[in-house]
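In: no sequence for this one, just the structure:
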């Protein structure tokens, strides 16, 4: 990419898209194209085609998606598969029709089987069943990366895919039922601290292990790959280390300053026992994360407090 290349970031108001825009600007890219939902309905093919025909972006970051935690994925299964399939289909096809030089599609580590060998390498995709609670979302993301490869195979389009691990950072969704585990923990512990509660209850046994990547690191990896990776297939993006949910809760508790106890509700589901990405492919290309978990949690909590004070906290 050149510094004045026209770069479209789909989903710029989301946590990931916003981080990509910040990263691009910090690196001196000056011609960044974004569109609010009121001006561009990504679920409307005609609207997307008209937008691409008018603007003809050279590079496309496909960060737009419907996302959520266990509850959202499991109760709005039709919404998750329909909206994600529609968004990615519209943007990938429009990028082909109007000859974008390159597209980067953001998937998710939930595409991998529930009981995949750990750490998960890119080649374990579709080798065994998915986690049932988020299967519709995962299938939509699998379809997106397969579309990128199919357009490359048939038309020679330079469309690449990345599979990030669990993300956190500024601009996250803090809805207690619909958010992912880490922002939900931040919100729970903060509220308990404010209300002087004696305990905080978290779902499950606390034993499942998860990997967490700060969204600013993800954005940096995406820009790096847009400039340095042009191959078929997808690339895992993570830290290469994981942590048990109970230990994560203790870290969040300390960062927030909550002094009560943690209660485990073992009647609630755990999800997969472990989710850790093998990032050897990415590391071999020359990229490594820079924000460690404790540092990232502190930055995220400060961003949470700022967003809460300003009335910009996302709760959807």
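Out: Perfect, thanks for sending it. What you see is a predicted model; the values in this text were computed from it and never measured.
In: average pLDDT for stretch 11-25?
Out: Regarding stretch 11-25, the rounded mean pLDDT is 96.
In: Return, as residue ranges, the portions of the protein with sub-threshold pLDDT.
Out: Where the chain drops to pLDDT under 70, the residues are 69-73.
In: Helices along that one, start to end?
Out: Secondary structure of the chain (DSSP state H): helices at 15-26, 45-55, 70-75, 77-97, 135-155, 181-194, 215-228, 245-256, 280-285, 293-310.
In: any idea how far residue 152 lies from residue 92?
Out: Between residue 152 and residue 92 the computed distance is 11 Å (CB to CB, to the nearest Å). Heads up, the C-betas are built off the backbone N, CA and C, glycines and all.
In: Who has more neighbours out of those two?
Out: residue 92 (23 against 19; other CB atoms under 10 Å).
In: ok, the closest residue to that one other than its chain neighbours - contacts?
Out: Leaving out its chain neighbours, the residue that sits closest to residue 92 by CB to CB, 6 or more residues apart in numbering is residue 147, at 5.1 Å. Residues in contact with residue 147 (CB atoms under 8 Å, 6 or more residues apart in numbering) are 88, 89, 92, 105, 159.
In: quick one on the thing from earlier: so what sits against both of residue 152 and residue 92?
Out: residue 159.
In: What's the local residue count around residue 282?
Out: Residue 282 has 24 neighbours, counted by other CB under 10 Å.
In: no wait, residue 290
Out: The local packing of residue 290 (other CB under 10 Å) involves 12 other residues.
In: do the same with residue 135
Out: For residue 135, the neighbour count with other CB under 10 Å is 18.
In: Surely residue 238 and residue 122 touch.
Out: No. Applying CB atoms under 8 Å, one finds residue 238 not in contact with residue 122, separated by 11.8 Å.
In: Mind checking which of those two has more residues around it?
Out: A count of neighbours by other CB under 10 Å puts residue 238 above the other of residue 238 and residue 122, at 27 against 20.
In: what's the distance between residue 291 and residue 299?
Out: Relative to residue 299, residue 291 is positioned 8 Å away (CB to CB).
In: meant to ask about residue 49, not that
Out: 39 Å.
In: got the phi/psi numbers for residue 37?
Out: phi -60, psi -30 (degrees, to the nearest 10).
In: and it, what is it in contact with?
Out: residue 13.
In: From residue 76, how far off is residue 133?
Out: Distance, residue 133 to residue 76, using CB to CB: 12 Å.
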